[in-house]
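A.B. asks: This is a predicted model, with the sequence first.
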Amino acid sequence: MPELAGQPVVSRAEWQAARDALLAEEKEITRAMDRLAAKRRELPWVAVSQDYRFVTDQGEKGLIDLFAGRRQLIVYHHMLRPDDPSPCPGCSMLADELPRMEHLNARDTTLVLVSAAPLAQINAFKQRMGWGFDWVETLGTFNVDFSGHDYGPGYSVFIQNGGKVFYSYGCDDRGTEAVVGCFGTLDITPMGRQEDWQEAPEWVPQTPPYVWWRLHDQYGT
């Protein structure tokens, strides 16, 4: 392992002073993110009147069925395409790091992945990756209507009230990063994500984003 130039080496007291200054900034950002999350919750809703259909292991279902009896539904649009020889590593990295569903369920929330690929293909890829969450085949225009693409990616968030479904929020691209745990974990290290868009000390080796991403069974191959 080659030696790096590294950062200045100081006493613990000097480090603590620098850390305390950074902590003040971190707390400001945390409070700002809390305010942003509150504004997200205050967004108006859009009624979903179209009868979107999905193919599941239990047969064809409608959008309201995907809630599984809970109040809220989070949908992730995975970019898996029909007969895709190279499934999206970014979507799959995100899927690797989804939370245990029991935690979401405890807050009256269901999370489901959707793709326009056939259900048999979805299930085969799930088995390969060792995933146990619900992932269904979407029919019709659901992906286009809510992610803006035939094949995603992005989140769409829904709530049901009085037997009707409403769309409350959507995001894509870097808006999905909050649930990609490895990004946040790398961001607390000296070298960060090691991607060339990030500000970092000159000694940090960097690559373009995306190029290092792999399916979790492809690293080291």
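C.D. replies: Thanks, I have the structure now.

A.B. asks: Tell me, how many residues neighbour Gln160?
C.D. replies: Close neighbours of Gln160, defined as other Cβ atoms under 10 Å, add up to 17. From N, CA and C alone the C-beta is placed, and that goes for glycine too.

A.B. asks: next helix or strand past the helix or strand encompassing His103?
C.D. replies: Assigned by DSSP states H and E, His103 belongs to helix 101-105. Next along the chain after helix 101-105, taking DSSP H and E as the criterion, comes strand 109-115.

A.B. asks: And that following strand, what does it pack against?
C.D. replies: strand 72-77, helix 101-105, strand 135-138 (3 or more Cβ pairs under 8 Å, 6 or more residues apart in numbering; DSSP states H and E).

A.B. asks: Tell me how far that strand lies from the chain's centre.
C.D. replies: 11 Å (Cα atoms, centre = their mean, to the nearest Å).

A.B. asks: now it against strand 72-77, angle please.
C.D. replies: Interaxial angle, strand 109-115 versus strand 72-77 (axes from the mean of the first three to the mean of the last three Cα atoms, to 10 degrees): 20 degrees.

A.B. asks: quick one: average pLDDT of strand 109-115?
C.D. replies: On average, the pLDDT along strand 109-115 is 96.

A.B. asks: One more: stretch 166-174?
C.D. replies: 91.

A.B. asks: residues of that stretch that come out buried?
C.D. replies: For stretch 166-174, the neighbour count (16 or more other Cβ atoms under 10 Å) marks Tyr167, Ser168, Gly170, Cys171 as buried.

A.B. asks: Now secondary structure and distance to Leu4 too, for those, in CSV please.
C.D. replies: Formatted as CSV, those follow (DSSP: H, G, I helix; E, B strand; the rest coil; distance: Cβ to Cβ, whole Å):
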residue, secondary structure, distance to Leu4
Tyr167, strand, 48
Ser168, strand, 46
Gly170, strand, 41
Cys171, strand, 36
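
A.B. asks: okay if I get those residues as CSV plus distance to Asn123?
C.D. replies: Putting those into CSV (distance: Cβ to Cβ, whole Å) gives the following:
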residue, distance to Asn123
Tyr167, 27
Ser168, 29
Gly170, 26
Cys171, 27
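
A.B. asks: just curious, which of the residues you listed is nearest to Gly69?
C.D. replies: Checking the buried residues of stretch 166-174 against Gly69 with Cβ to Cβ, the nearest one is Ser168 at 18.4 Å.
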